[in-house]
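>>> need a 3D model of the sequence below.
(2 chains)
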Amino acid sequence: MASQVSRNNPVLIASTIETILLMGAFIAGITTLLNDQFPIKEAWMAAILSAHLSLALLSGLGAVLLFSLTYLSNRKDLFYFGLITVIFVGLAAAGGLAFYATYNYNFSYLMAISFMIAIISSIGALVYSL
Amino acid sequence: MMSSRILNMYENVSSLLSRNYYTPALALGELLSLIITYVAGMGIAVYKLPLSGYPITAHIYAAAIDTVLAISLYGSTTRSGNLILRILAVLDILSVLGAAFEGLFYFGGFSTPCYAIGMGTGFVFTIAFTSALFFYSLRR
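Numbers count the residues shown, from 1 in each chain, chains lettered A, B, ... in the order given. A predicted model of the protein is given here:
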């Protein structure tokens, strides 16, 4: 039963990029989790954290872009996927900033859980824009 | 009648999930199992819990269910005849197996971060493929 809606290329491209960025940010994040000791004292630890921060920042901007494109697509299903992605990437970013300020592990866990919901939603946007 | 409304809801959901030889239902099951695997696993990593008790047990059993469901997804997607679904299922099996074997190395004594990172990498790929399987099998 093929879908009757035609392909939405902007959302497809944005969600693909967003998914790849989120995957990279996650792998850099668990590398940070397993190798870094906070507060950062070594240069190589700072490098790993910087990789995570860079990819996470790009993911955040990508999520906002994805949300804008899903809003402009005038499709309810894509809109909800974009909305959930941007909300949970924002939540993860907030958790990350809070963790860096307080070293409280609960914020680290918040990052992990919100990332997972964000990536599932981003893949949903990808598949539904096909 | 409230019961007929519930019956209608049940009929809608079950007809939705039984498409493509029950691929959406299996993919949803694997997605839930992956979520449990992840929640338990990240809890152990973030809070530096010992590898004993409820967290590790939940993690290991959910991971085992992941592999079983991934293989069954290969079965259902092959039956459905949809090549894209079948390819996604094969990639899913490879990712889950990769993560599982890395985890077995880590658990077996090679407690260096690279195996834990291997688990995480396998997980992120399998979540991608399983979600894609779930959403794509609902669409087509």
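>>> which secondary structure elements does the longest helix seen in chain A contact?
Longest helix in chain A, counting residues (DSSP state H): helix A:43-72. Counting contacts by 3 or more Cβ pairs under 8 Å, 6 or more residues apart in numbering or on different chains; DSSP states H and E, helix A:43-72 is packed against helix A:9-35, helix A:76-102, helix A:105-128. For every residue, glycine as well, the C-beta is placed using N, CA and C.
>>> so where's chain B uncertain?
Within chain B, no range satisfies pLDDT under 70.
>>> helices of that one, start to end?
Under DSSP H, chain B gives helices at B:2-17, B:19-46, B:54-80, B:83-108, B:113-139.
>>> will you turn those into JSON lines that also has distance to chain A and mean neighbour count?
Converted to JSON lines, the helices of chain B look like this (distance: least, Cβ to the nearest Cβ, whole Å; neighbours: other Cβ atoms under 10 Å in any protein chain shown):
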{"stretch": "helix B:2-17", "distance to chain A": "11", "mean neighbour count": "10"}
{"stretch": "helix B:19-46", "distance to chain A": "4", "mean neighbour count": "21"}
{"stretch": "helix B:54-80", "distance to chain A": "12", "mean neighbour count": "18"}
{"stretch": "helix B:83-108", "distance to chain A": "9", "mean neighbour count": "19"}
{"stretch": "helix B:113-139", "distance to chain A": "4", "mean neighbour count": "22"}
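>>> residue contacts, A:Gln37?
A:Met45 (Cβ atoms under 8 Å, 6 or more residues apart in numbering or on different chains).
>>> ignore what I typed, I meant B:Gly118.
B:98-99, B:102-103, B:105-106.
>>> one more time with 6 Å
By Cβ atoms under 6 Å, 6 or more residues apart in numbering or on different chains, the contact list for B:Gly118 reads B:Glu102.
>>> kindly report the same for A:Ile40.
A:Ala46.
>>> next one: phi and psi at it?
Phi and psi for A:Ile40, reported as degrees, to the nearest 10, are phi -70, psi 130.
>>> and the pLDDT at it?
The score at A:Ile40 is 91. That number is its pLDDT.
>>> any idea how far A:Tyr100 is from it?
For A:Ile40, the distance to A:Tyr100 (Cβ to Cβ, to the nearest Å) stands at 10 Å.
>>> B:Gly108 now?
34 Å.
>>> same question, B:Ile6
In terms of Cβ to Cβ, B:Ile6 sits 48 Å off from A:Tyr100.
>>> what's the answer for B:Tyr22, then?
45 Å.
>>> grab the nearest non-local neighbour of B:Leu69.
Among residues not flanking B:Leu69 along the chain, B:Glu30 sits closest, at 3.9 Å (Cβ to Cβ, 6 or more residues apart in numbering or on different chains).
>>> swap that for A:Leu78, please
A:Leu78 sits nearest to A:Thr70 (Cβ to Cβ, 6+ apart), 4.2 Å away.
>>> hang on, the earlier thing: could the helices of chain B go into CSV alongside distance to A:Leu33?
Converted to CSV, the helices of chain B look like this (distance: least, Cβ to Cβ, whole Å):
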stretch, distance to A:Leu33
helix B:2-17, 35
helix B:19-46, 6
helix B:54-80, 16
helix B:83-108, 14
helix B:113-139, 9
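>>> contact residues of chain A facing chain B?
Within chain A, the positions lying close to chain B (Cβ under 6 Å from any Cβ of the partner chain) are A:3, A:23, A:26-27, A:30-31, A:33-35, A:105, A:108-109, A:112, A:116, A:120, A:123-124, A:127.
>>> and these, which are buried?
In terms of neighbour count (16 or more other Cβ atoms under 10 Å in any protein chain shown), the buried residues within the residues of chain A next to chain B are A:23, A:26-27, A:30-31, A:33-35, A:108-109, A:112, A:116, A:120, A:123-124, A:127.
>>> now the two most distant members of those.
Comparing every pair within those by Cβ to Cβ identifies A:Asn35 and A:Val127 as the most remote, at 33.7 Å.
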